[in-house]
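Asker: Kindly generate the corresponding structure for this input.
(one chain, ligands or ions: 2)
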Amino acid sequence: MTETPALPALWPAPLAEAAVHATVTVPGSKSVTNRALVLASLAAEPGWVRRPLRSRDSQLMADALRAMGVGIEETVSSASGGDDAGGEAWRIIPAALHGPATVDVGNAGTVMRFLPPVATLAAGDIRFDGDPRSYERPLGQVITALRTLGARIDDDGRGALPLTVQGGGALEGGVVEIDATNSSQFVSALLLSAPRFNQGVEVRHVGTNLPSMPHIRMTVEMLRAAGAQVDTPEAGGEKDVWRVTPGALLGRDMIVEPDLSNAQPFLAAALITGGTVTVRDWPRRTTQPGDALRRIFTEMGGSCELTDAGLVFTGTGKIHGIDVDLGEVGELTPGIAAVAALADSESVLRGVQHLRLHETDRLAALTREINALGGDVTETADGLHIRPRPLHGGTFHTYDDHRMATAGAVIGLAVDGVLIENVATTAKTLPDFPAMWAELLAGDAAVSGAAVTGGSAGPGAGAGA
Ligand SMILES: O=C(O)C1=C[C@@H](OP(=O)(O)O)[C@@H](O)[C@H](O)C1
Ligand SMILES: C=C(OP(=O)(O)O)C(=O)O
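Answerer: Ligands and ions are numbered 1, 2, ... in the order given. Next comes the predicted model:
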């Protein structure tokens, strides 16, 4: 990470005076990095996580795994295996997991959901605590499921943090029903640790709705890349049922893809200003939900081409409204809402009722903040109805939500005088955002997050030897 100068409490979002033209290097994916760290920590041998995201969420994940005994050495490596994989690399050295330990989850969904199952494999007590918002984000389905699978957990009965997993050094595992309507992370959490459960796991989702399917596919593909056997509905299995067979995980060499959801504001800048932004190393095949931006932002008025240089995205400055179900790609909603507020027609964003349980209630926050700038947004039962209006400057509150901050910056491209309150909250997944955004607007041809990226990657992470 570069040294970031102190950021003002109210950060003036730069107005775009001209069309932006830039090539952007986006740091690694949060979702891939945090899965890779868990899988490598549970492996039977050391492995590598290359080009990891270095941000608050990934640092919390690494620190938590270290607290349970895992060795994580942060190194800068030379290229390995002839695929230009040099750069920052974390060497993961698995160990017998143990307590007592305390895990700070911050407000990271991946840490608060993925690690309690890991903690059941530790010998000793692992206490989980986090930011005030972590006490409100749902976890009850994971707690109950782990108890069904044999775990002992002390909590206050609210189905949320804080809690203590009384790790027994092993977990029986088996069949469990879970309602993952509120978060796909409940399913991913149980699957990721399951190769280490005595009986593996069969997870049966029994709810009406299951959001963020690409993130479950990411979990499955990364498990398989680490040597696990996983049966899925897509592979001819029963609907909403996943099965993981017990077995050793391999120490792999995983290359983290750029975070396509964090590429969103930069693509939006091209769309809004009628410029061209190339996002380097856009994977040709990926499970990241951000890949859907190629389709969504094209429908909203841009055009794109996947080239050897990356994704080349061009806007005309004309933005169209959209009627779209974002249930599979919920984390893109704040950025799409920001663009929709500047469009030439109305938008309806559907299928994202679970966003009320994210970093903040994103449906309420987007409605309040866009309307405070003169917009006309209403909440629906499952999303937002956005009627574009001429907007004016003012304070855009972020509620400790990184994607609220980047959404406000996107609006600020076209609206003079937008002040983002606590832009530093972008450190959750993109600590370099304010500097990258300033570079983009200063007309720099090459905009880069501090993390080194480049080279090819597979379904989320490339797996080598
Ligand atoms: O598994 C993951 O890495 C994620 C899953 C999604 O969570 P939900 O299913 O709770 O939306 C997504 O929104 C979040 O940013 C990351
Ligand atoms: C919902 C998000 O994060 P989390 O991993 O904390 O759930 C997000 O990044 O948009």
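Asker: Apart from its chain neighbours, what residue comes closest to the closest residue to ligand 2 within the stretch 301-450 of the chain?
Answerer: Relative to ligand 2, the nearest point of the stretch 301-450 of the chain is Glu331 (3.5 Å; CB to the nearest ligand atom). (Each C-beta comes from the backbone N, C-alpha and C, glycine too.) Among residues not flanking Glu331 along the chain, Ser261 sits closest, at 5.3 Å (CB to CB, 6 or more residues apart in numbering).
Asker: That neighbour is in contact with Gln288, isn't it?
Answerer: Yes - counting by CB atoms under 8 Å, Gln288 is a contact partner of Ser261 at 7.0 Å.
Asker: Mutual contacts of those two, please.
Answerer: Applying CB atoms under 8 Å, 6 or more residues apart in numbering, one finds that Ser261 and Gln288 are jointly contacted by Ser29.
Asker: Where does the spatially most distant residue from the centre of the chain sit: helix, strand or coil?
Answerer: Note on the chain: the largest C-alpha distance from the chain mean falls to Pro390, namely 31.6 Å (CA atoms, centre = their mean). Under the three-state scheme (DSSP: H, G, I helix; E, B strand; the rest coil), Pro390 adopts coil.
Asker: ok, it touching Gly374?
Answerer: Yes - applying CB under 8 Å as the test, Pro390 and Gly374 come out as touching, 6.4 Å apart.
Asker: where does the stretch 251-400 of the chain come near ligand 2, residue by residue?
Answerer: Within the stretch 251-400 of the chain, the positions lying close to ligand 2 (CB under 6 Å from any ligand atom) are 331, 358-359.
Asker: let's see 8 Å
Answerer: Within the stretch 251-400 of the chain, the positions near ligand 2 by CB under 8 Å from any ligand atom are 261, 330-331, 334, 355, 358-359.
Asker: re the thing from before, enumerate every residue touching the residue nearest to Glu331.
Answerer: Each residue near Ser261 by CB under 8 Å, 6+ apart is listed here: 29-30, 288-290, 331-332, 429.
Asker: Phi and psi next, for it.
Answerer: Per-residue torsions, Ser261: phi -70, psi -30 (degrees, to the nearest 10).
Asker: can you offset everything so residue one is 284?
Answerer: Noted, 284 is the first residue going forward, which turns the last one into Ser544.
Asker: Would you mind stating the distance between it and Arg416?
Answerer: Ser544 sits 19 Å away from Arg416, going by CB to CB, to the nearest Å.
Asker: Quick one: list the elements packing against the helix or strand where Ala718 lies.
Answerer: Counting by DSSP states H and E, the element that carries Ala718 is helix 716-724. In terms of contacts (3 or more CB pairs under 8 Å, 6 or more residues apart in numbering; DSSP states H and E), helix 716-724 is packed against strand 304-308, helix 547-556, helix 685-697, strand 729-731.
Asker: among the ones you listed, which is nearest Pro295?
Answerer: For the helices and strands packed on helix 716-724, proximity to Pro295 was assessed by CB to CB; helix 685-697 is nearest, at 7.9 Å.
Asker: Could I get the average pLDDT for that closest one?
Answerer: Mean pLDDT, computed over helix 685-697, is 98.
Asker: Past that helix, which element shows up next along the chain?
Answerer: Assigned by DSSP H and E, the successor of helix 685-697 is strand 701-704.
Asker: Now do that following strand: everything it contacts.
Answerer: Residues from elsewhere that reach strand 701-704 (CB under 8 Å, 6+ apart): 292-296, 656, 676-681, 688, 691-692, 694-695.
Asker: which residues of the stretch 534-683 of the chain fall in strands?
Answerer: 536-539, 559-562, 586-590, 593-597, 606-608, 630-633, 659-662, 667-670, 677-679 (DSSP state E, counting those that start in this stretch).
Asker: ok, and does the first one reach over to ligand 1?
Answerer: No - contact between strand 536-539 and ligand 1 is absent, the nearest approach being 12.6 Å (criterion: CB under 8 Å from any ligand atom).
Asker: Mind giving me the packing neighbours of that strand?
Answerer: Partner elements for strand 536-539 (3+ CB pairs under 8 Å, 6+ apart): helix 313-324, strand 330-333, strand 744-746.
Asker: Between helix 685-697 and the first one, find me the angle.
Answerer: Same thing as helix 313-324. Interaxial angle, helix 313-324 versus helix 685-697 (axes from the mean of the first three to the mean of the last three CA atoms, to 10 degrees): 150 degrees.
Asker: Helix 313-324 close to ligand 1?
Answerer: Yes - using CB under 8 Å from any ligand atom, helix 313-324 reaches ligand 1 at 313-314, 317-318.
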